[in-house]
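no sequence for this one, just the structure:
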């Protein structure tokens, strides 16, 4: 069966520090991969999606970047965090004609 | 482009009350429609889905019918429980390889 792993679960980082969040999927191949952010009390904002290795589409301009070095690995990064980067980050995958499957999320607090 | 509009919350109900959360969509073609639920501090879980017009998705007492004529996918439950308190998201996926588009979410609080 397919599983999705996202880590870390919580993270507290100072302003100006780098960020790396990792997401991996098991049990499927060539998934579409997504990073969403959910600010407190708000909906889901699609940050990046990827349809294949090295293929990244950005939905909104921001202080973040994403990479897909392997088929089932999706990484969210920042060189210098801002206070406004705080939020709940969710990784998800979809297969051909399937619903989305979500990781458990990372609570990021920038202080 | 594709979009989803769902009723703004929060929604507060008493236990055993009837629930409706409205969701309408705009899409070309024949999207698949979904309802997801998010419990506090967790990721999203699929609640139910429908892939073609007039399909009814159901799970855990929740139901939603894909209405192409009104471009709607309203979520209903006949008798809510305190454990149903969560945020509910309506979503669509346009095509087999399309992205998921989410509504803004509706927070439901059920009081005993």
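Everything's here; your move. As the structure is a prediction and not an experimental result, all values here were calculated from the model.

Can you list the strands that the worst-scoring helix or strand of chain B on mean pLDDT pairs with?
Lowest by mean pLDDT, DSSP states H and E among the helices and strands of chain B is strand B:100-102, with a mean of 87. According to DSSP bridges, strand B:100-102 has the following sheet partners: strand B:86-93 (antiparallel).

Beta-bridge partners for the residue nearest to the spatial centre of chain A, please?
Centroid-nearest residue in chain A, with Cα atoms, centre = their mean: residue A:35, separated by 3.3 Å. Counting by DSSP bridges, residue A:35 is bridged to residue A:48, residue A:91.

Can you give me the pLDDT of it?
On pLDDT, residue A:35 comes in at 94.

try residue A:41
Residue A:41 is given a pLDDT of 67.

Who are the contact partners of residue B:64?
The neighbours of residue B:64, taking Cβ atoms under 8 Å, 6 or more residues apart in numbering or on different chains as the test, are B:23, B:33, B:35, B:48, B:50, B:56-58, B:73-76. Backbone N, C-alpha and C define where each C-beta goes, glycine included.

In strands, which of those residues fall?
Among the contacts of residue B:64, DSSP state E puts B:23, B:33, B:35, B:48, B:50, B:56-58, B:75-76 in strands.

Up against chain A, what does chain B have?
When proximity is defined as Cβ under 8 Å from any Cβ of the partner chain, chain B approaches chain A at B:32, B:34, B:36, B:41-46, B:49, B:89, B:91, B:93, B:96-97, B:99-100, B:102-105.

Can you tell me how far the residue lying closest to residue B:42 once chain neighbours are set aside is from residue B:62?
The shortest distance from residue B:42 to any non-neighbouring residue, by Cβ to Cβ, 6 or more residues apart in numbering or on different chains, is to residue A:104 (6.3 Å). Counting by Cβ to Cβ, to the nearest Å, the gap from residue A:104 to residue B:62 is 22 Å.

For those two, work out which one has more neighbours and name it.
Counted by other Cβ atoms under 10 Å in any protein chain shown, residue A:104 and residue B:62 do not tie: residue B:62 has more neighbours, with 20 against 15.

Look up how far residue B:53 lies from the more buried one.
To residue B:53, residue B:62 is 19 Å away according to Cβ to Cβ.

Then residue B:107?
Taking Cβ to Cβ, one finds residue B:107 at 29 Å from residue B:53.

Looking at the two, which is more packed in?
More neighbours surround residue B:107 than the other of residue B:107 and residue B:53, with 15 against 12 (other Cβ under 10 Å).

How about the contacts made by residue A:24?
Residue A:24 makes contact with A:4-5, A:72-74, according to Cβ under 8 Å, 6+ apart.

Work out for me the element the closest residue to residue B:79 other than its chain neighbours sits within.
Sequence neighbours aside, residue B:16 is the residue nearest to residue B:79 in space, at 4.7 Å (criterion: Cβ to Cβ, 6+ apart). Per DSSP states H and E, residue B:16 falls between elements, in no helix or strand.

residues contacting residue B:47?
Listed by Cβ under 8 Å, 6+ apart, the contact partners of residue B:47 are B:34-37, B:59-60, B:62, B:75, B:88.

For ChimeraX, what selects the buried ones among these?
In ChimeraX, a selection of the buried entries from the contacts of residue B:47 looks like this (16 or more other Cβ atoms under 10 Å in any protein chain shown):
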select /B:34,35,36,37,62,75,88
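
now, which of the contacts of residue B:47 sits nearest residue B:4?
Lowest distance from residue B:4 to those (Cβ to Cβ) belongs to residue B:34, with 9.7 Å.

Cool, thanks, signing off.
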